[in-house]
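Novice: with the sequence up front, the predicted model follows.
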Protein chains: 2
Amino acid sequence: MSVKVNEKFIKSFVSEDEISAIIPEVKNALLSVKKRDGLGADFLGWVDLPEAYDKEEFARIKVAADKIIKSCDIFVVIGIGGSYLGARAAIEFVKSPIYNNLKKDTPDIYFAGNNISTTALSELLSICEGKDICVNVISKSGTTTEPAVAFRVFKKLLVDKYGEAGARDRIFVTTDRARGTLKEFSDKAGYETFVVPDDVGGRFSVLTAVGLLPIACAGIDIDSMMAGAAKAKADFDTEDFGANQAMRYAAFRNIFERKGKTTEILVGYEPYMLMLNEWWKQLYGESEGKDKKGIFPTSVIFSTDLHSLGQYIQDGKRNIFETVVNVKNPGSKFVIPMDDANVDGLNFISGKELDYVNKTAMLATLVAHCDGGVPNIVLEVEDRSAHSFGYIVYFFELACAISGYVLGVNPFNQPGVEAYKKNMFALLGKPGFEDMKRELEKRIENM
Amino acid sequence: MSVKVNEKFIKSFVSEDEISAIIPEVKNALLSVKKRDGLGADFLGWVDLPEAYDKEEFARIKVAADKIIKSCDIFVVIGIGGSYLGARAAIEFVKSPIYNNLKKDTPDIYFAGNNISTTALSELLSICEGKDICVNVISKSGTTTEPAVAFRVFKKLLVDKYGEAGARDRIFVTTDRARGTLKEFSDKAGYETFVVPDDVGGRFSVLTAVGLLPIACAGIDIDSMMAGAAKAKADFDTEDFGANQAMRYAAFRNIFERKGKTTEILVGYEPYMLMLNEWWKQLYGESEGKDKKGIFPTSVIFSTDLHSLGQYIQDGKRNIFETVVNVKNPGSKFVIPMDDANVDGLNFISGKELDYVNKTAMLATLVAHCDGGVPNIVLEVEDRSAHSFGYIVYFFELACAISGYVLGVNPFNQPGVEAYKKNMFALLGKPGFEDMKRELEKRIENM
């Protein structure tokens, strides 16, 4: 089993009665997911994805990845939100957070179109100078501002550099199966296209072409990743609370939320967890943060952030709990060298493995934070393999759906994301928004 | 003036009475800082630093930086917490968040010793293979585990590669002025040393040698940075609430805290703000998060995170407020190209500058989040120059001190950081911790 909820460091914060009381709720939530009779049930495509994915497309993704790996120095992945975080999380978790700086036989991968920064775009263009480039644009509609602007720029760059025919071989489009201007244009231009399914929301899409193509281009075994997700699906089919780790995680976090612990800190002890944390923040924040409800999701990397947020967590306001992802096997070994001068007084750990110190720091912190009044859910994960990544993704997705139903929200919509977009289009003078522009400008003037 | 608090997007959340009531509090807090009669007054060395810094050492820092720039491909900076975040924040803010990937005439800079990760250390060593290296270890005591382990490794690497004499030219030590084993050892070994002052806490130390040496090695003008800080010091000398931006920021955030808005989200609209956000999180979290009090500090980069945490901020639990850092001048220009096909329907913004769209997204989001019930303090900053960075640092430091006094805590200690360290030393079997080890292990077994 690849994710196990260790409850040692929450026991003193949760009573047996609280657990008994919430079990029927998480069970009903799981049943709603399975029977597809809950809120937002049209977006449950991710549930069966580990088995019911499009095998023909999956094979095409592998062929495209091989082609991309052979034909470019830099692979530019254009997307925002769910079309960005999953792939980047996988590449950092399985490969490295400094993947681009390491020697390797796969291309550098840069993510573009996830901000509106002049300098970020200019810098990326300067890095691309003189290099061979391939591009994957990921956008269901093709009209989201950030990726659309980046795609304009890189499409032009590729056409200028390789001609229309050459660019055709280097542009890969992940978009709607049939509708939308990007799909239409891509078919006309002859770009190879992959599908953002209709029934899988962006934040649940990492196991679709959205995530799979960039992940495969980093040399990660996507078969193994899907197998990991499939294993999770099988493991979490049970309605037995004691056995179903997704139910357990959902239950405990909702228990804490109801006790006023309204901020959840996802904790990793490895820098390669940073973007997995970010992916998780979107998954939970966007699924739960609505109707003035939801646990606020935030994250840290320890021991780094023990030296910044550690003080607060130890002794600040007690409205927080932590969820610690413990990756048991570090994958490599490093022995702390002896220092004859013993300047730092650390010779008592020389000869020990660095990861032993890391794990000890984790245990020490778990006890300290418990003592400080902060419950710590620990998620035990085997390793940082592609298989484990797939498993973790499915675990978090299912636990999120259960959690959202228990909280009483539709975990699959995100109506609040539109608010700033509408204002932006109006203020930018998009045709059709003229009245709204006038009203808004007047309001802002009077604010 | 380089930082101005724009209160347009908080007006509807704060009454005149609330402001009148808090003015005497922030004024008294400022006076306590100036008169040095408040809690933790032994650690107010940062207050006069922009003028009263050690000019001789400052000159040595510039000479050392020149030497480092000329003699290495990779500059490894070893430190954690306050000995890490400030320098990295400056380099990313003034230079680039992907500084190491850009063409430049200064060395790559890698930060080590800020975690206990086997893979992070192994990867950095693989990057260093065949390169010329210089090292700056930053540790007041020299005994903090994370930097100490990294320094053991890199000292050995340099001695093996360049011999004792060669290593001597490439190792720079920032530590206590007189005491401590690292200072003693460095003097004996002949390493050049710089000072971590006694009266400046780690999180306030970026304008000392702690920050200045790495920052200078990235080619940043540290004279200009200090001048920016000095300008801020002069600007914030006034006790006039309307004029003193540090007082104003401190006042508004405390008003929100008292109204139950207990999480503050620092918002940047540029990826180069990411590490400034992290530096700020340490500054505020470690200064305020004690005695079960304090605003929980977290951060986002928009528009990136509008597509992940945007939903929560728009419509989740209303215990949050935002502080937006608006860097007015982006420093470079990028014009959105025309696309004849207009696939994305964005031709209404082609020909416009990308930064205009970014600023419009910001304005659109400010209105949307206000409408959603989230107050937004806006900090207007001129540009991303070294001068502005120095100014911002001083602004945040002074506002933090004022804020902590208003909250009723000692903003300059961090007793909670020791809790996990003591547990860790005991569990690792450090000599002298034998009893604690036995007790802890028994407690953990029974948890």
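Specialist: Looks like it came in fine. Numbering: from 1, shown residues only, chains lettered A, B, ... in the order given.
Novice: what about the strands in the stretch 151-300 of chain A?
Specialist: Secondary structure of the stretch 151-300 of chain A (DSSP state E, counting those that start in this stretch): strands at A:171-175, A:192-195, A:263-268, A:296-301.
Novice: out of those strands, nearest to B:Glu445?
Specialist: Ranking the strands of the stretch 151-300 of chain A by proximity to B:Glu445 (C-beta to C-beta) places strand A:263-268 first, at 22.7 Å. Where you see a C-beta, it was placed from the backbone N, CA and C, and this is true even at glycine.
Novice: kindly list the longest helix within chain A.
Specialist: In chain A, ranked by residue count with DSSP state H as the criterion, the top helix is helix A:145-168.
Novice: CA atoms of it as PDB?
Specialist: As requested, C-alpha coordinates have been extracted for helix A:145-168 and formatted as PDB (Å, rounded to 0.1, in the frame of the first residue of the first chain):
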ATOM      1  CA  THR A 145      -5.600  34.900 -21.400                       C
ATOM      2  CA  GLU A 146      -2.300  33.800 -19.800                       C
ATOM      3  CA  PRO A 147      -1.700  30.600 -22.000                       C
ATOM      4  CA  ALA A 148      -3.200  32.300 -25.100                       C
ATOM      5  CA  VAL A 149      -0.700  35.200 -25.000                       C
ATOM      6  CA  ALA A 150       2.200  32.800 -24.400                       C
ATOM      7  CA  PHE A 151       1.000  30.600 -27.300                       C
ATOM      8  CA  ARG A 152       0.800  33.600 -29.600                       C
ATOM      9  CA  VAL A 153       4.500  34.300 -28.800                       C
ATOM     10  CA  PHE A 154       5.800  30.800 -29.100                       C
ATOM     11  CA  LYS A 155       3.800  29.900 -32.200                       C
ATOM     12  CA  LYS A 156       5.300  32.900 -33.900                       C
ATOM     13  CA  LEU A 157       8.700  32.000 -32.700                       C
ATOM     14  CA  LEU A 158       8.400  28.500 -34.100                       C
ATOM     15  CA  VAL A 159       7.000  29.500 -37.400                       C
ATOM     16  CA  ASP A 160       9.700  32.200 -37.800                       C
ATOM     17  CA  LYS A 161      12.400  29.700 -36.900                       C
ATOM     18  CA  TYR A 162      11.200  26.500 -38.600                       C
ATOM     19  CA  GLY A 163       8.500  27.600 -41.200                       C
ATOM     20  CA  GLU A 164       4.900  26.500 -41.100                       C
ATOM     21  CA  ALA A 165       5.700  22.900 -41.800                       C
ATOM     22  CA  GLY A 166       8.500  22.700 -39.300                       C
ATOM     23  CA  ALA A 167       6.400  24.300 -36.600                       C
ATOM     24  CA  ARG A 168       3.700  21.800 -37.300                       C
END
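Novice: contact partners of it?
Specialist: If you take C-beta atoms under 8 Å, 6 or more residues apart in numbering or on different chains as the criterion, helix A:145-168 is touched by A:76, A:78-80, A:83, A:112-116, A:121, A:125, A:128, A:133, A:135, A:137-139, A:142, A:169-171, A:189-191, A:421, A:424, B:303, B:307, B:336-337, B:339, B:343-344, B:346, B:350, B:354, B:357, B:361.
Novice: the stretch 1-150 of chain A: strands as residue ranges?
Specialist: Using DSSP E, counting those that start in this stretch, strands in the stretch 1-150 of chain A cover A:3-6, A:74-78, A:108-112, A:133-138.
Novice: including distance to chain B, mean pLDDT and mean neighbour count, could the ones you listed go into TSV?
Specialist: Compiled in TSV, these are given as follows (distance: least, C-beta to the nearest C-beta, whole Å; pLDDT from 0 to 100; neighbours: other C-beta atoms under 10 Å in any protein chain shown):
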stretch	distance to chain B	mean pLDDT	mean neighbour count
strand A:3-6	11	97	18
strand A:74-78	10	98	25
strand A:108-112	8	98	22
strand A:133-138	10	98	26
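Novice: mind giving me CSV with these and columns for distance to B:Ile313?
Specialist: Supplementary listing: the strands of the stretch 1-150 of chain A in CSV, determined by distance: least, C-beta to C-beta, whole Å:
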stretch, distance to B:Ile313
strand A:3-6, 29
strand A:74-78, 25
strand A:108-112, 22
strand A:133-138, 24
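Novice: looking at those, which is nearest to A:Phe321?
Specialist: When these are ranked by proximity to A:Phe321, the top entry is strand A:3-6, at 13.3 Å, counting by C-beta to C-beta.
Novice: for that closest one, packing partners?
Specialist: Packed against strand A:3-6, as judged by 3 or more C-beta pairs under 8 Å, 6 or more residues apart in numbering or on different chains; DSSP states H and E, are the following elements: helix A:245-258, strand A:376-381, helix A:386-407.
Novice: pairing partners for that strand, with directions?
Specialist: strand A:376-381 (antiparallel) (DSSP bridges).
Novice: quick check: mean pLDDT of the partner strand?
Specialist: For strand A:376-381, the mean pLDDT works out to 98.
Novice: how about residues contacting that strand?
Specialist: A:2-10, A:249, A:252-253, A:267, A:321-328, A:366, A:369-370, A:388, A:391-392, A:395.
Novice: residue nearest the centroid of chain A?
Specialist: To find the centre residue of chain A, average its C-alpha atoms and take the closest one (C-alpha atoms, centre = their mean): that gives A:Trp279, at 2.1 Å.
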